[in-house]
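Novice: structure of the sequence below:
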Amino acid sequence: MEAVPVADSGKYIPASQRPDGTWRKPRRVREGYVPPEEVPVYENKFVKFFKSKPDLPPGLNADESDKSKQQQSKQDGELVGLSKSAKRNLKRKEKRKQQQECDGTAEADELSQTLQKTTIAGGSGNRNPSPLAAAASLQGDHEGAEKAKKVKNLKKKLRQIDELQQKLDSGEIKQATKEQLEKLSRRKQLMEELEDVELDL
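Specialist: Predicted coordinates for the structure are as follows:
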């Protein structure tokens with residue numbers, strides 16, 4: 001709204017209609033009055049300096065920069081609106097997928113070879129085995145898992161005994177404690193136990 005001079009009594013802002021339909025009264029204003037919407041926004045010297053700087057680096061043509069921006073926008077078209085970390089995570093996911101595809105094909109080849117080698121035993125045609133037979137097979141699987149766990153545990157104990165023996169031989173441990181000596185004396189017993197469990201498998 002601009003103030004309008006009236007001949008005898010100074011400047012007035014004329015009456016105007018509000019959005020709801022009501023009318024504003026005309027307002028008298030001083031000489032030199034500038035309405036708030038026309039007042040320029042204050043800019044300090046740093047803001048003015050950065051606004052006056054060119055957008056492009058010296059020597060770069062505007063056409064070349066437009067082309068590079070278009071290429072970059074095509075590449076990042078699907079990544080618009082994502083943070084840096086989200087973009088990085090997407091790239092990592094894509095790499096993992098590619099690696100899994102490569103590994104997956106190798107695994108699939110191995111599986112197909114093993115499937116070709118395996119045969120189905122007991123072709124009696126009985127598709128619904130009795131509950132007792134199903135329970136026995138589940139129990140057999142459970143026992144096999146327990147034995148595998150025991151083998152792993154025994155191998156771990158033997159590895160620890162070997163490491164302890166190496167430390168004693170190299171002089172890292174000068175004098176073994178009572179518990180360490182007991183552990184070393186159990187080596188033969190653990191070896192026999194491991195052989196027995198492996199034979200049962």
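
Novice: might you list the low-confidence residue ranges for the chain?
Specialist: Scanning the chain for pLDDT under 70 picks out 1-10, 71-81, 104-107, 119-140, 201.

Novice: tell me the helices in it, going along the chain?
Specialist: For the chain, the helices defined by DSSP state H occupy 45-52, 62-75, 84-117, 131-170, 178-185, 187-200.

Novice: let me have those helices in TSV, adding distance to residue 24 and mean neighbour count as columns.
Specialist: Every residue, glycine included, has its C-beta placed from N, CA and C. Output for the helices of the chain, formatted as TSV (distance: least, CB to CB, whole Å; neighbours: other CB atoms under 10 Å):
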stretch	distance to residue 24	mean neighbour count
helix 45-52	35	9
helix 62-75	47	10
helix 84-117	50	10
helix 131-170	86	12
helix 178-185	95	12
helix 187-200	97	12
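
Novice: in TSV: those, plus distance to residue 26.
Specialist: Formatted as TSV, the helices of the chain follow (distance: least, CB to CB, whole Å):
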stretch	distance to residue 26
helix 45-52	37
helix 62-75	50
helix 84-117	56
helix 131-170	93
helix 178-185	102
helix 187-200	104
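
Novice: between those, which one is closest to residue 22.
Specialist: The closest of the helices of the chain to residue 22 is helix 45-52. By CB to CB, the value is 39.6 Å.

Novice: how about residues contacting the closest one?
Specialist: The contact list for helix 45-52, computed with CB atoms under 8 Å, 6 or more residues apart in numbering, reads residue 43.

Novice: pretty sure residue 14 sits against residue 28.
Specialist: No - between residue 14 and residue 28 no contact is recorded; they are 11.1 Å apart, counting by CB atoms under 8 Å.

Novice: among the helices of the chain, which is nearest residue 19?
Specialist: Taking the helices of the chain one by one with CB to CB, helix 45-52 is closest: 33.8 Å.

Novice: how about residue 167: what's its closest non-neighbour residue?
Specialist: Of all residues not flanking residue 167 in the chain, residue 173 sits nearest, at 4.7 Å (CB to CB, 6 or more residues apart in numbering).

Novice: from residue 180, how far off is residue 69?
Specialist: Distance, residue 69 to residue 180, by CB to CB, to the nearest Å: 69 Å.

Novice: wait, I meant residue 21
Specialist: Residue 21 sits 97 Å away from residue 180, going by CB to CB.

Novice: what does residue 22 give?
Specialist: 96 Å.

Novice: and residue 146, by the same measure?
Specialist: From residue 146 to residue 180 the distance is 29 Å (CB to CB).

Novice: next: residue 40.
Specialist: Noted for residue 40: a distance of 85 Å to residue 180, by CB to CB.

Novice: swap in residue 194?
Specialist: From residue 194 to residue 180 the distance is 20 Å (CB to CB).

Novice: show the end-to-end separation of stretch 23-36, please.
Specialist: Chord length of stretch 23-36, first to last residue, is 20 Å (CA to CA, to the nearest Å).
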